[in-house]
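A.B. asks: here are the coordinates; sequence isn't available:
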């Protein structure tokens, strides 16, 4: 689920496991970086290790190729004015 919600984490996992670190070390560093972000609330990282963990899992802007793949999956016939009533989610009456 983390990979589907956070593509940067998936990319970091694929780039680093098992070449640079074990899976256990990866998840330890990921959870530690999440804790740092929550505990520090935007304050600068304290120390090199904390900075490298935050940088490893930081969201990066999508590349041109990634945006092209995303755009290819979007239907050109999306009805932006549609709502739940158009799909029969709510009963009539």
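C.D. replies: On my side now, so go ahead. Everything numeric in this text was worked out from a predicted model, so none of it was measured.

A.B. asks: hey, let's count contacts and neighbours off CA atoms from now on
C.D. replies: Will do.

A.B. asks: Let me know the next secondary structure element after the longest helix anywhere in the chain.
C.D. replies: In the chain, taking DSSP state H as the definition, the longest helix is helix 23-40. Downstream of helix 23-40, the first helix or strand assigned by DSSP states H and E is helix 48-56.

A.B. asks: just how off-centre is the longest helix of the chain within its chain?
C.D. replies: Helix 23-40 sits 14 Å away from the centroid of its parent chain (Cα atoms, centre = their mean, to the nearest Å).

A.B. asks: now do stretch 64-74
C.D. replies: 16 Å.

A.B. asks: got the contact list for that stretch?
C.D. replies: By Cα atoms under 8 Å, 6 or more residues apart in numbering, the list of residues contacting stretch 64-74 from outside is empty.

A.B. asks: what's the model's confidence in it, averaged?
C.D. replies: Per-region confidence: stretch 64-74 scores 74 on mean pLDDT.

A.B. asks: now do stretch 16-23
C.D. replies: Stretch 16-23 comes out at a mean pLDDT of 94.

A.B. asks: And the contacts of it?
C.D. replies: residue 26.

A.B. asks: what's the span of it, first residue to last?
C.D. replies: 9 Å (Cα to Cα, to the nearest Å).
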